[in-house]
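Trainee: Quick check, what structure comes out for this input:
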Amino acid sequence: MTLELLLAEFDGLIQTPADVEKLNATILQWAVQGRLLPQCADDEPASQLLEQITTIKKNLAKAGKIRKPKKLPKLKADSLPFLIPENWEWTQLDEIALDIHYGYTASADPNLADVRLLRITDIQGNRVDWATVPGCVIKEKDIPKYLLEENDILIARTGGTIGKTYIVENVSVKAVFASYLIRVIPPKNISARYLKLFLESPFYWQQLLAKSKGTGQPNVNATSLSQLTVPFPPLAEQKRIVARVDELLGQTAVLTQQLASVHEQRRGVHTAVLHQLTTKTSEVSSERSSPTSEVYTLATHFDRFYVDADTVAELKQAILQLAVQGRLVPQDERDEDAAVLLARIAAENDLEIENQRIPYVPIELICDVRGGIQKSKNRRPDKNPIRYLTVAHVQRNWIDFSDERFFEVYPDELERWRLLSGDNLVVEGNGSADHIGRTAIFRGEIENCVHQNHLIRVRPNQELLDPEYLNLFLNSPEGRGEMLERSRTTSGLFNLSVGRIQTIKVPLPPIEEQKRIVAKVDELFALCDQLAGQLTTTAASRTQLLEAVLAQA
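Mentor: Here you go, the predicted model:
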C-alpha cells in the first residue's frame, strides 16, 4: 500500500488522533531514511556539502567567531541503524552545526522589553508570541553570544519538555534564550527546516531517550546532542523532503480535523439519546415499555454511538439514573404496596411521609449511620492486630483489599466497630468534587475488619432497603449529586458528616423490586463491560493492522 492510498482509505485504519500521530511519525521516519522521494542523479552528493561545511567552520574558527571544531570519532558502519541512499552521508550533529551551546542564565522580568528572554514555557505548539516574552537584564557585551537569529534551532534540555525543538522564525524583537535551552546554529548552506524535521523524527527520539536515561530527572546536555547520528541528504533533496513533508502533514492535519468532527458528531448523538432516555417522564408498567429495550438498542448499534471508554461510562451512569427513577424494570402487583411500606416506617418513627409510588425516605430512618474508629499513636499493630480500611481502600463501587493494614483494636471495640456484609462505606472528605462521597459496599470479604474515622458506614435495615440497591443509588448521578450538594463548605473544600448523610433521601421501591433493579443493573453493566472490551479489542486490532501497513508501505 502506498502512502497516497493509505491517506485515501484512512476510514478503516486511521480513526483516532493517536493513529494520526503514528502516521506522522512514520512520515518523518521515512523522510530521514530517504524513503519518501525518489533520488535525483543530478543532485550534488552530500559528501561535498559536508566538505563545504567543514571549510566554513574552519574559517569562522580562525576568525574567532566560533569555537574550534572538535574532532569526533568516526561512525562505525556496524553501528548505523538503517541503509540510506547512495548520495547521502551519515554524520553527527556537531559536524553540520556551526555551534551548539547553552543559553543565558538570568531572571525573567515582564517589566523589561529591550532584550527579551525566551524560555521553554514561551514555546507553545511550535510557536512563540514574542509580545508576551518577558525581558531580562543582560550586559551589552554578552548579547551577541546569545542573540537569536532566524533559523536557529532551540532544544529543551530538561524536565517534561526534554528534546522538544523550536526553529526561530519571524522574530520581531531583540531576544536571547534561557539556560534550560540549547541552541543549534545551522550553517546557511543547509536546510534548517530539514534539520528541524530530523529533530522531530522517531530516529532522533530514540537516540535522545537513550542518552537521557539513568539521570534522575530527564535531561540532555550539549555534548550528547553534538554526538547525535544524522542521516544527511544532498541540499536539493533536503529542500524537496521538507516540501513533501509539509504537504503530507498538511493532509494529516485535515484528517485530524475530520476525525474530530466525526467524533464530536457521534458523541453528540450519544449524549442526545441518553438525555432523551433519562428525561422521559412515563412510568414503567410492563417490560415492553421499559427503557431497558432502548439500552439494548444502543448496545446493538454501539459502533455508531461509542467511540471511547468515556461514552460507555456515560451509558452506565444513565442506567443507574433509570434504576433510581424506577424506570428500569416493570412493577409487580404482588410486591408489597408502597403505602404499606410507608405506614410501617412512619409508625416506627412517629413521622408523616408523603405517599407516592416510589417514596423518598431519609437515610436516618432506614439505616444506622456511624463514623469510623480513630487510630491513635499509642496502639501497636503487632498487638491484637485487626484489619482496617482507609479512604485509599474505598474506590467508587469497589474496595481494594490488596494493601493490608492493621492496628490494635480491643475486643469490646471490635464488637462495636466490626464491618458486616452489606455495609456501605462512604468517603467523608476529599479535595476533589469528583471523589467526594465515593461509595463501595463491604460484602464480608474479611471476617474481622474495621474502618477508619474518615469513612462513614451506612448499614441499611435489610428488611426495607437492599444494601446493593443502596450502593447503586449512592453511586448514581442522583445520589452523587445529593452528596456533593451536602458536602460543600465555605472554604471551597468538600466534606461530609454522619449528620449530612443521614438527611439524604433514598427512593424506596418495594424490597423485591429493589432486588430486580440490582439484578437488571448487573446484567446491563456486564453488557457495558462487553462493549468496552469490544472497543479495546477493535482498537488494538486496528492499531496492529495500521502498524503492519505502515511497516510495509
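
Trainee: And the strands in the stretch 101-250 of the chain, which stretches?
Mentor: Using DSSP state E, counting those that start in this stretch, the strands of the stretch 101-250 of the chain run over residues 116-118, 123-124, 127-128, 153-156, 165-167, 175-177, 181-185, 229-232.

Trainee: Tabulate those (CSV), appending mean pLDDT, distance to Glu21 and mean neighbour count.
Mentor: In short, each C-beta sits where N, CA and C put it, glycine included. CSV is the format used below for the strands of the stretch 101-250 of the chain (pLDDT from 0 to 100; distance: least, Cβ to Cβ, whole Å; neighbours: other Cβ atoms under 10 Å):
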stretch, mean pLDDT, distance to Glu21, mean neighbour count
strand 116-118, 97, 27, 26
strand 123-124, 93, 18, 15
strand 127-128, 94, 19, 18
strand 153-156, 97, 19, 22
strand 165-167, 97, 17, 21
strand 175-177, 97, 28, 23
strand 181-185, 97, 25, 22
strand 229-232, 97, 22, 22
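
Trainee: of all these, which lies closest to Ser107?
Mentor: Among the strands of the stretch 101-250 of the chain, the nearest to Ser107 by Cβ to Cβ is strand 116-118 (8.3 Å).

Trainee: Can I get the strands of the stretch 101-250 of the chain in CSV including distance to Leu72?
Mentor: What follows is the strands of the stretch 101-250 of the chain, written out as CSV (distance: least, Cβ to Cβ, whole Å):
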stretch, distance to Leu72
strand 116-118, 29
strand 123-124, 29
strand 127-128, 32
strand 153-156, 18
strand 165-167, 21
strand 175-177, 25
strand 181-185, 15
strand 229-232, 11
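
Trainee: right, and the ones you listed - which one's nearest Ile511?
Mentor: For those, proximity to Ile511 was assessed by Cβ to Cβ; strand 123-124 is nearest, at 58.2 Å.

Trainee: Okay, now the sheet partners of the closest one, with direction.
Mentor: Using DSSP bridges, the strands paired with strand 123-124 in its sheet are strand 127-128 (antiparallel).

Trainee: Show residues contacting the strand it pairs with.
Mentor: Strand 127-128 has contacts (Cβ atoms under 8 Å, 6 or more residues apart in numbering) with 118, 122, 166.

Trainee: returning to that earlier point: between the strands of the stretch 101-250 of the chain, which one is closest to Ala347.
Mentor: Closest of the strands of the stretch 101-250 of the chain to Ala347 is strand 123-124, at 67.0 Å (criterion: Cβ to Cβ).

Trainee: ok so, going back, save the contacts of strand 127-128 as a markdown table, and put in distance to Leu209 too.
Mentor: As requested, those are arranged in a markdown table below (distance: Cβ to Cβ, whole Å):
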| residue | distance to Leu209 |
| --- | --- |
| Leu118 | 25 |
| Asp122 | 25 |
| Tyr166 | 19 |
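
Trainee: re the thing from before, to Glu44, which of the strands of the stretch 101-250 of the chain lies closest?
Mentor: strand 229-232 (12.4 Å).

Trainee: Summarise which helices and strands the closest one is packed against.
Mentor: helix 46-62, strand 89-92, helix 93-96, helix 192-198 (3 or more Cβ pairs under 8 Å, 6 or more residues apart in numbering; DSSP states H and E).

Trainee: any idea how far Gln251 is from Gln258?
Mentor: 11 Å (Cβ to Cβ, to the nearest Å).

Trainee: before we move on, the earlier item: nearest to Ala97 among the strands of the stretch 101-250 of the chain would be which one?
Mentor: Counting by Cβ to Cβ, Ala97 lies closest to strand 181-185 out of the strands of the stretch 101-250 of the chain; the figure is 4.9 Å.

Trainee: quick one: strands adjacent to that closest one?
Mentor: With DSSP bridges as the test, strand 181-185 pairs up with strand 99-102 (antiparallel), strand 153-156 (antiparallel).

Trainee: do you know which of the strands of the stretch 101-250 of the chain lies nearest Pro73?
Mentor: strand 229-232 (11.7 Å).

Trainee: Extract the CA atoms of that closest one and return them as PDB.
Mentor: The C-alpha atoms that make up strand 229-232 are tabulated as PDB, following Å, rounded to 0.1, in the frame of the first residue of the first chain:
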ATOM      1  CA  THR A 229      23.800  10.500  14.400                       C
ATOM      2  CA  VAL A 230      22.200  12.300  11.500                       C
ATOM      3  CA  PRO A 231      21.300  10.900   8.000                       C
ATOM      4  CA  PHE A 232      22.300  13.700   5.700                       C
END
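
Trainee: What are the contacting residues of it?
Mentor: With Cβ under 8 Å, 6+ apart, strand 229-232 has contacts from 32-34, 46, 49-50, 75, 80-81, 84, 88-93, 96, 195, 198, 203, 207.

Trainee: secondary structure element for Gln544?
Mentor: Element membership for Gln544 (DSSP states H and E) is helix 511-552.

Trainee: gap between that helix and the chain center?
Mentor: 20 Å (Cα atoms, centre = their mean, to the nearest Å).

Trainee: Same question for stretch 270-283.
Mentor: Computed by Cα atoms, centre = their mean, the chain-centroid distance of stretch 270-283 equals 29 Å.

Trainee: Tell me the buried residues in that stretch?
Mentor: Judged by neighbour count using 16 or more other Cβ atoms under 10 Å, the buried positions of stretch 270-283 are 270, 273-274, 277-278.

Trainee: which residues touch Glu485?
Mentor: Applying Cβ under 8 Å, 6+ apart to Glu485 gives no contacts.

Trainee: Then it would be within a helix, right?
Mentor: Yes. When DSSP: H, G, I helix; E, B strand; the rest coil is applied, Glu485 is found to be in a helix.

Trainee: Which PyMOL command selects the buried ones in the contacts of strand 229-232?
Mentor: Buried members of the contacts of strand 229-232, defined by 16+ other Cβ under 10 Å, are picked up in PyMOL with:
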select buried, resi 32+33+34+46+49+50+84+88+89+90+91+92+93+96+195+198+203+207
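
Trainee: still on that earlier bit, just send the helices and strands packed on strand 229-232 back as CSV, with mean pLDDT too.
Mentor: Output for the helices and strands packed on strand 229-232, formatted as CSV (pLDDT from 0 to 100):
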stretch, mean pLDDT
helix 46-62, 94
strand 89-92, 96
helix 93-96, 96
helix 192-198, 97
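
Trainee: And the closest residue in space to Asn475 that isn't next to it in sequence, how far from Phe525?
Mentor: Leaving aside its sequence neighbours, Asn475 sits nearest to Asn397 (Cβ to Cβ, 6 or more residues apart in numbering; 5.1 Å). Distance of Asn397 to Phe525, given as Cβ to Cβ: 10 Å.

Trainee: Compare the strands paired with strand 181-185 and give me the one nearest Lys65.
Mentor: For these, the distance to Lys65 is smallest for strand 99-102, at 9.2 Å, taking Cβ to Cβ.

Trainee: what's near enough to touch the residue lying closest to Glu237 once chain neighbours are set aside?
Mentor: Distance criterion Cβ to Cβ, 6+ apart; nearest residue to Glu237, sequence neighbours excluded, is Asp43 at 5.6 Å. For Asp43, the contacting residues are 87, 234-237, by Cβ under 8 Å, 6+ apart.

Trainee: Most widely separated two among those?
Mentor: Greatest spacing in the contacts of Asp43, by Cβ to Cβ: Asn87 and Leu235 (11.1 Å).
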